[in-house]
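# After the sequence you'll find the predicted model.
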Amino acid sequence: MAQDTTLDFLGGLRRTHHCGELRPGDVGRRVVLMGWVYRRRDLGGVIFIHLRDREGVTQIVFHADGDPAVHARAEQLRSEYVIAVEGFVEKRSADTINLNIETGEVEVVAEKLLILNTSETPPFPMEEHIDVGEDARLKYRYVDLRRPHMQRNIMLRSRISLAARDCLYEQGFLEIETPFLAKTAPEGARDFLVPSRIQHGTFYALPQSPQIFKQLLMVSGYDRYFQIVRCFRDEDLRADRQLEFTQIDLEMSFPQEEQIFEVVEPMVKKICAVAGFDVPTPFPRMTYAEAMEGYGSDKPDLRAPRFYPVAHLFPADSGFSTAGMPLVAVHIPNTGVISRRERDELKAFGQERGLRVLDDVRRLDRDFAEPMARVREVCGAGENDLLILAGWAGEPKGQRPEETVYQACGQLRLYAAQKFAERHNLLDPRSLKFLWVVDFPMFEWDNEENRWAAAHHPFCSPKEEDLEKLTADPAHCRARSYDLVLNGTELGSGSIRIHRQDVQSLVFDAIGLSREDARGKFGYLLDALTYGAPPHGGIALGLDRLVMILAGESSIREVIPFPKTAKGTDLMSEAPSIANPRQLRELGIQLRHGH
Ligand code: ASP
């Protein structure tokens, strides 16, 4: 319990500085600081307080031989009390300078102390280096958010949003809001439904993204739209997913892919600069097909070397891979000689994914000296590097079978890269490798529904030269879509859209959406396309993930002020919660027995 302390009023007292501000140049100044008691050392004759606000920490000194009443009041201070201090800035003696805090060359000698509020003993230590269980942090989020490391993250997030806004305004974008109470917009996830009180039995869907609205804004002639906007997707949560998350969402009229990139690159560059990173632009571009053949992934992590398809270097009858399927050389630098156990682990990992892993390089070198020399040359693999070959063990699988093989090899590559990360040091989180992946397939095969589904969303335009493949060869029909990728993470996706109703209808046909269903779901979009829709396109970048990476965190919960747990609960407010019966009656909702 907080001890019984009479509290002071703030009255007309004003702050003169924040707690991270004072420097030797301020010595002699009379200042007023306000904040929270961070650390406290009571040496009897003198009490030292570290006073903290979001900007930093300043040491305050209370001398018993100054004003005894002030010193006595300072004795009552405890952790996280809220105080105002008035006093003089003094230079610290050389032996007491504290280089750990930015104000560490000075201190404030207090002449006046107001205790504005007490605090219960905090549920966990405020020191940033102390690890605290996440449940406690989320339950007392308001205290957790006061810890310096969280304040740094949330302030970084704010500065990043500002940088994005500034950059987009500079480029002629308008910030326009779109509704949260909306009709379902397809991004492939489950909708959150909101029951209508006025029309029982009907529901709004919280938008999975403003996709359709931003397209409509282009039809309406707004030319360049953006919004830093919340999206809602009822998905199972992982470290980098939340039920609600934020996108930097934009759309423009008359663009080619390159124009979108030209808008986004300076924005991303500026955002990175805010976080202290200098990233070179333009970012490399890579087609989806190249990404597959080099990395087995549509979000390649460029920090580790690519792999190479090498089947053509070996005799056709070598049998390393099921006939016609790729054989891949995975190369990880500077691993040194790896142990028997490590080799077995790599092999097991690959085999579980259907690969035939050829890890006995010495034997390969003996039996296939020439091809192996070529493999080394192609990969640039040196003496001290790991080299393994991986082929496909079973029947070809999937609609694009080579891709299945490449993907398994891609996983093996990442697994190996991570396994030996400490030896090659390539996966340094401070090395930021951005790239654009372009020309994604239009469709992915949906095994459950046994039909093609839109790979991104059904409004992506097919590539003009692939229009016929929409029906003739959907597996190889490419979309004018692109992803921005950073260090193996997809930061955002976008596309040039379909702006013609005839093409839109063909795409709905291709994914087996009947005309009626399409009208029921997106009739208003289809209509809008008939009223002078300009060519348009856009992208949305995940703000949470971007801030997470730039803040050096590994969970987006570290950069979201009030996140939910993996079960979708807010431990602080205890949402979701039971609705009271009157609310349900008004909504015309009756719960099934047992709920
Ligand atoms: N609406 C898309 C998404 O949320 C982004 C876009 O295509 O602009 O992923």
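Arrived safely, thanks for sending. Numbering: from 1, shown residues only.

# Would you mind listing what in the stretch 151-300 of the chain touches the ligand?
The stretch 151-300 of the chain has residues 187, 209, 211 near the ligand, with proximity defined as C-beta under 6 Å from any ligand atom. Where C-beta positions appear, they are placed from N, C-alpha and C, glycine not excepted.

# ranges for the strands of the stretch 201-350 of the chain?
In the stretch 201-350 of the chain, the strands defined using DSSP state E, counting those that start in this stretch lie at 203-205, 224-232, 244-253, 285-287, 308-309, 328-332.

# Tally up the residues packed near the residue in the stretch 101-250 of the chain positioned nearest to the ligand, please.
The nearest approach of the stretch 101-250 of the chain to the ligand comes at residue 209, 3.5 Å away (C-beta to the nearest ligand atom). When neighbours are counted by other C-beta atoms under 10 Å, residue 209 registers 22.

# What separation do you get for it and residue 542?
11 Å (C-beta to C-beta, to the nearest Å).

# okay if I get the residues of the stretch 151-300 of the chain next to the ligand as a markdown table plus pLDDT?
Below are these laid out as a markdown table (pLDDT from 0 to 100):
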| residue | pLDDT |
| --- | --- |
| 187 | 73 |
| 209 | 95 |
| 211 | 95 |
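
# re the thing from before, quickly list what the nearest residue to the residue of the stretch 101-250 of the chain closest to the ligand once chain neighbours are set aside is bridged to.
Using C-beta to C-beta, 6 or more residues apart in numbering and skipping residues adjacent in sequence, the residue nearest residue 209 is residue 231, 4.8 Å away. With DSSP bridges as the criterion, residue 231 is bridged to residue 245.

# and residue 231, what is it in contact with?
Residue 231 makes contact with 187, 207, 208, 209, 210, 244, 245, 246, 247, 540, according to C-beta atoms under 8 Å, 6 or more residues apart in numbering.

# can we see that at 10 Å?
180, 185, 187, 189, 206-211, 242-247, 249, 540, 542 (C-beta atoms under 10 Å, 6 or more residues apart in numbering).

# Inside helices: which ones of those?
Within the contacts of residue 231, residues falling in helices by DSSP state H are residue 211.

# sorry, back to before: shared neighbours of residue 209 and residue 542, which are they?
Shared contacts of residue 209 and residue 542, defined by C-beta under 10 Å, 6+ apart, comprise 231, 247, 493.

# what's the pLDDT at the second one?
Model confidence at residue 247, given as pLDDT, is 98.

# ok, now which ones touch the closest residue in space to it that isn't next to it in sequence?
Nearest-residue entry for residue 247: residue 540, 4.1 Å, with adjacent residues in sequence omitted and distances by C-beta to C-beta, 6+ apart. The contact partners of residue 540, by C-beta under 10 Å, 6+ apart, come to 187, 209-211, 214, 226-227, 229, 231, 246-251, 484, 491-494.

# Relative to the ligand, how far out is residue 30?
54 Å (C-beta to the nearest ligand atom, to the nearest Å).

# Could you give the bridge partners of that residue?
residue 88.

# Grab the nearest non-local neighbour of the residue of the chain most remote from its centre.
The centre of the chain is farthest from one residue, residue 65, which by C-alpha atoms, centre = their mean lies 54.0 Å away. Distances taken as C-beta to C-beta, 6+ apart place residue 45 nearest to residue 65, at 7.1 Å, with adjacent residues excluded.

# With residue 467 instead?
residue 503 (7.5 Å).

# could you say which helix or strand contains that neighbour?
Assigned by DSSP states H and E, residue 503 belongs to helix 501-510.

# For the ligand, what's its nearest residue on the stretch 301-450 of the chain.
residue 440 (11.2 Å).

# Look up phi and psi at that residue.
Torsion angles at residue 440 (phi, psi; degrees, to the nearest 10) stand at phi -70, psi 160.

# circling back: and for the helix holding residue 503, what's in contact with it?
Against helix 501-510 from outside (C-beta under 10 Å, 6+ apart): 442-443, 451-454, 458-462, 464, 467, 469-471, 474, 477, 479, 497-498, 500, 513-515, 517-519, 521-522, 525-531, 533.

# pLDDT wise, what is the residue nearest to residue 247 at?
Reported pLDDT for residue 540: 98.

# Any idea what it is bridged to?
residue 249, residue 493.

# out of the residues of the stretch 151-300 of the chain next to the ligand, who's nearest residue 295?
residue 187 (24.7 Å; C-beta to C-beta).

# tally of neighbours for the residue nearest to residue 467?
That count, for residue 503 with other C-beta under 10 Å as the rule, works out to 17.

# For the stretch 351-500 of the chain, just list every one of the helices.
Ranges of helices in the stretch 351-500 of the chain, per DSSP state H, counting those that start in this stretch, are 361-367, 369-379, 401-419, 421-424, 469-472.

# could you pull out the helices for the stretch 51-200 of the chain?
68-74, 134-139, 141-144, 148-170.

# Could you give the residue of the stretch 251-400 of the chain that lies closest to the ligand?
residue 251 (6.8 Å).

# Just to check, residue 308 is in contact with residue 378?
Yes. Between residue 308 and residue 378 there is a contact at 5.1 Å, judged by C-beta atoms under 10 Å.

# So which of the two has more stuff around it?
residue 308 (19 against 14).
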